[in-house]
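> Can you look at this prediction? I've put the sequence above it.
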Amino acid sequence: MAQTKIYLDDTIPSPAMKVWRVFASKPQALAGLWGVGMLLLLTLVGHYLAPFAAEFQDPDALLLPPSWNSNGTVEHFLGTDDLGRDIFSRLLYGVQLTFGTAVAIVSSALVVGVIIGSISGMMSGLKSSILGHLLDALLSIPSLLMAILVVAFTGPGLSNVFWAVGISLTPQFVRAIHQTVHEELQKEYVTAARLDGANALQIFWYVIMPNVWETVIIQTTLAVSAAILDIAALGFLNLGAQAPQPEWGTMVLQGLDSFLTAPWTVTIPGLAILLSVLSVNLVGDGLRSALTPMRN
């Protein structure tokens, strides 16, 4: 005979489950998560799904409008450009160049920023003050302007854009983590850990870092959207990816010559940039709202 439980066992959700419940309660955050997930998937397999090669030119389909236009065809779903290249295929190839490169840049800047910011945040006195003022001076320069300055010295090209945008975004990570670690060091629970005999490494990893991940996650989402815009802006200024690479900003630049007669050559890659940045920002706002109650 089954025994009847008199006391109900309340399941206490983990911190990660609490964050997910708050995040999942926001429809816009879930929509952004689906968008980011789709972009990550297309970064990996988008070039396999493209019906045409990125540089393939069809001389019989110059400036063909999208399929919903009466003059369009399903074969070229989003139309073609002035060289007869399929825009849909170039967008799929361009996901890796724009969004994929942005994720790679932010990942590299994150690693460097966490290392430098953590070391500097654990410092005190004159060294910490000098580094803090230096970071404030670097952050006063917009990331795009700093990237343009770097590209001006290194020359145009997607490989140089990687370093230019990475250098411009790294100070943001260093400053955010430096400030957070420095503030956490002043908390009473850190003093209690010192009194318990914990050394500096144990205090950093087991006491401070669990309270720094919120800043890292939020800063990462902001940096990804900034990296996408910087890569696309450099491509539009002809300082980034060079033709015939199907980077979205470069596609916008190449479509300007035929904008009046074929506006889809500009609006479609521009819309791709807009939707990717919007998806990342929606995820960032959702994470910020979900992680804030954890701090209270």
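Cool, the structure landed.

> quick one, helices of the stretch 51-200 of the chain?
87-95, 101-122, 126-139, 143-154, 158-184, 188-195, 200-202 (DSSP state H, counting those that start in this stretch).

> Determine the set of other helices and strands touching the last one.
Applying 3 or more CB pairs under 8 Å, 6 or more residues apart in numbering; DSSP states H and E, one finds that helix 200-202 makes contact with no other helix or strand. Where C-beta positions appear, they are placed from N, C-alpha and C, glycine not excepted.

> residues making contact with that helix?
Residues from elsewhere that reach helix 200-202 (CB atoms under 8 Å, 6 or more residues apart in numbering): 122, 193.

> Quick check: mean pLDDT of the next helix or strand after it?
For helix 200-202, the following helix or strand on the C-terminal side (DSSP states H and E) is helix 213-236. When pLDDT is averaged over helix 213-236, the result is 90.

> got the buried residues for helix 213-236?
Residues 214-236 are the ones in helix 213-236 that count as buried (16 or more other CB atoms under 10 Å).

> looking at the helices of the stretch 51-200 of the chain, which is buried most?
Of all the helices of the stretch 51-200 of the chain, helix 87-95 carries the top mean neighbour count, a mean of 24, counting by mean count of other CB atoms under 10 Å.

> From the centroid of this structure, which residue is nearest?
residue 224 (1.5 Å; CA atoms, centre = their mean).

> Please give me every residue in contact with it.
Residues in contact with residue 224, defined by CB under 8 Å, 6+ apart, are 102-103, 106, 280.

> want to try CSV for those, with pLDDT and distance to residue 93 as columns?
What follows is these, written out as CSV (pLDDT from 0 to 100; distance: CB to CB, whole Å):
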residue, pLDDT, distance to residue 93
102, 95, 15
103, 95, 16
106, 94, 21
280, 94, 20
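
> of the residues you listed, closest to residue 56?
If you rank those by distance to residue 56 using CB to CB, residue 102 comes first, at 25.8 Å.

> Distance of the residue nearest to the centre of the chain relative to residue 102?
Using CB to CB, to the nearest Å, we find residue 224 at a distance of 6 Å from residue 102.

> looking at the chain, which helix or strand is least sure?
helix 126-139 (a mean of 72; mean pLDDT, DSSP states H and E).

> Can you check what angle separates that helix from helix 101-122?
Interaxial angle, helix 126-139 versus helix 101-122 (axes from the mean of the first three to the mean of the last three CA atoms, to 10 degrees): 150 degrees.

> now what about helix 126-139, what contacts it?
With CB under 8 Å, 6+ apart as the criterion, helix 126-139 contacts 120-121, 123, 146, 171-172, 174-175, 178-179, 182.

> Enumerate every residue touching the nearest residue to residue 83 once chain neighbours are set aside.
Once flanking residues are discounted, residue 83 sits nearest to residue 57: 5.0 Å by CB to CB, 6 or more residues apart in numbering. Residue 57 is in contact with 83-85, counting by CB under 8 Å, 6+ apart.

> same deal with residue 261?
By CB under 8 Å, 6+ apart, residue 261 lies in contact with residue 63.

> is it true that it lies in a helix?
No - counting by DSSP: H, G, I helix; E, B strand; the rest coil, residue 261 is not part of a helix but coil.

> Return the distance of it relative to residue 244.
In terms of CB to CB, residue 261 sits 21 Å off from residue 244.

> quick revisit: mind telling me which of the helices of the stretch 51-200 of the chain the model trusts least?
The minimum mean pLDDT among the helices of the stretch 51-200 of the chain belongs to helix 126-139 (a mean of 72).
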